[in-house]
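1. 3D, please:
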Amino acid sequence: MPKAKFVPFDSVNHEERRPGVVLTSLVDGGTGATQISSGVAEFAAGASAPTHYHDAEESVIVIEGEGLIVINGAEHIVRPNDAAFISPGAHHSIANHGEQPFKISWTYASIDWSTTQIE
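-> Residues are numbered from 1 along each chain as shown. Below is the predicted model of the structure:
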């Protein structure tokens, strides 16, 4: 059975995947998880993640700021504490819709998820 583990935010890598978008993986196979992965994504003003899909279920919860999440063509303005469930294969994108930083928490129902870009 995996051991429970505390993961300080400052103890992990913060990777700028595209200009203005920083991804931080906090829970994954490296921390002992066997079925989930989770972390935080921070979007600077004007930054976005283009349309893509995953091979695992995803949960997104807005932590701060205002964003635009598009899921299978449906646009949603999101604010703190709003959430989205994104099924495997659902095309989606996320963008900072405001002038302040936009931060989300993400969770995948897998430690071996993949992302496929559409754009």
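2. skip the chain neighbours and tell me the closest residue to the most centrally placed residue in the chain.
-> In the chain, the centroid-proximal residue (CA atoms, centre = their mean) is Trp106; its distance is 3.8 Å. The shortest distance from Trp106 to any non-neighbouring residue, by CB to CB, 6 or more residues apart in numbering, is to Val60 (5.5 Å). All C-beta spots, glycine's among them, are computed from the backbone N, C-alpha and C.
3. next one: Leu26
-> Gly39 (4.6 Å).
4. how close does that neighbour sit to Thr31?
-> 10 Å (CB to CB, to the nearest Å).
5. repeat that for Tyr108.
-> For Tyr108, the distance to Thr31 - CB to CB - is 14 Å.
6. and these two? which has more neighbours close in?
-> Tyr108 (24 against 18; other CB atoms under 10 Å).
7. that one contacts Ala56, correct?
-> Yes. Because the distance of 4.6 Å satisfies CB atoms under 8 Å, Tyr108 is recorded as touching Ala56.
8. ok so, going back, next, count neighbours for the residue nearest to Leu26.
-> Around Gly39 there are 20 residues (other CB under 10 Å).
9. okay, and it sits in which element?
-> strand 37-43 (DSSP states H and E).
10. quick one: strands adjacent to the helix or strand that comes right after that strand?
-> Per DSSP H and E, strand 37-43 leads on to strand 48-54 as the next helix or strand towards the C-terminus. Looking at strand 48-54 with DSSP bridges, its partner strands are strand 92-96 (antiparallel), strand 115-117 (antiparallel).
11. I appreciate the help and will end here.
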